[in-house]
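Q: A predicted structure for the sequence below; I have some questions about it.
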Amino acid sequence: MRPAPRVLVLGIGNILWADEGFGVRAVEAFHKAYEVPANVTILDGGTQGLHLVQFVNEHDRLIVFDAIDYGLVPGTMKVVEDDEVPKFTSAKKMSLHQTGFQEVLSAADLMGDYPERLTLIGCQPLDLEDWGGPLTAPVRAVIPAAVETAVRILRDWGVAVAVRRKRAVVPPLLENDIDLENYERRAEPAASN
C-alpha cells in the first residue's frame, strides 16, 4: 500500500506591502479554520524565495496562495493547476513573487523532486504601494473563497480536512503579533477612554 502523499499548503508574499500579503493571509486563515492530518504541512513562506526549495522537495503535492497579476479586476481569484503553472523563469511572469517561486519550482524540477500535483490559488491585487498598509477590501474579501478552494482541492486529493472546533486553541503560524488580526488592527483608531 502506497503511503499517503505528503502535501504542502503554502502562502507566499510580503505582508508589509498591502495586497502582496494575500498569500500569507490566506494560509493563515486556512490554518485557523481547518485541521489537517499529519501528512499535510501548512507553511507561511513569506518572501523566502529559494529557501522554499527544500519544502517543495519534501512534498508530493503543493497548493500555493499568492497575489497574481493577471490584469483582471482587483479581488478576482484565479486557480491554475499542474502544467498551467510556469516553472521556468523565461515564462511570462504571472505572480508578484513568481520570479522567486518560479526558481523554486525550476530548482525542484532539476533536482527530480517536482510535485506530482500543483495548484496555484491567486488573487488579483489592487494596491501594492501602501508600505505597512493592510489588504485592500476586494482582496481581503476573496480570502474565504480561496480557503474553501484549497479545502475542496485537498478533499479531491483524498485528504481528510476538518473544521476546527469553536474556541479551539490554534498555534500561530506567525509569531510576534504580525498575524492579520493583530497587524492590521494597528491602523484602527484608538478607542476613547
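A: Sure, I can see it. Residues are numbered from 1 along each chain as shown.

Q: SS state for residue 183?
A: Recorded secondary structure, residue 183: helix (DSSP: H, G, I helix; E, B strand; the rest coil).

Q: ok, it touching residue 18?
A: No - between residue 183 and residue 18 there is no contact under C-beta atoms under 8 Å: 11.7 Å. The way it works is simple: take the backbone N, C-alpha and C, and place the C-beta from them, glycine included.

Q: touching both of these two, which residues are there?
A: residue 134 (C-beta atoms under 8 Å, 6 or more residues apart in numbering).

Q: and those two? Which one has more around it.
A: residue 18 (22 against 18; other C-beta atoms under 10 Å).

Q: where's that one relative to residue 172, distance?
A: Going from residue 18 to residue 172 by C-beta to C-beta, to the nearest Å gives 21 Å.

Q: ditto for residue 14
A: 18 Å.

Q: which of those two has more residues huddled nearby?
A: residue 14 (17 against 14).

Q: which residue ranges of this structure form strands?
A: Secondary structure of the chain (DSSP state E): strands at 7-12, 34-35, 40-46, 61-67, 77-81, 117-123, 162-163.

Q: packing partners of the first one?
A: Under the contact criterion of 3 or more C-beta pairs under 8 Å, 6 or more residues apart in numbering; DSSP states H and E, strand 7-12 touches helix 22-33, strand 40-46, helix 53-57, strand 61-67, helix 143-156.

Q: so how far is the first residue of stretch 1-13 from its last?
A: Using C-alpha to C-alpha, to the nearest Å, the end-to-end distance of stretch 1-13 comes to 37 Å.

Q: can you pull the buried residues of that stretch?
A: 5, 7-13 (16 or more other C-beta atoms under 10 Å).

Q: same thing with stretch 31-45?
A: Result for stretch 31-45 [16+ other C-beta under 10 Å]: buried residues 31-34, 36, 40, 42-45.

Q: which of the buried residues of stretch 1-13 lies closest to residue 109?
A: Distance to residue 109 across those (C-beta to C-beta) is lowest for residue 8, with 15.6 Å.

Q: list just the nearest of the buried residues of stretch 31-45 to residue 104.
A: Minimum distance to residue 104 across these is 8.9 Å, recorded for residue 45 (C-beta to C-beta).

Q: thought residue 184 was touching residue 137?
A: No - shown here, residue 184 and residue 137 do not form a contact pair, counting by C-beta under 8 Å, at 11.8 Å.

Q: so the two - more neighbours on which side?
A: residue 184 (17 against 10).

Q: report the separation between that one and residue 143.
A: 12 Å.

Q: same question, residue 60
A: 26 Å.

Q: what does residue 5 give?
A: 26 Å.
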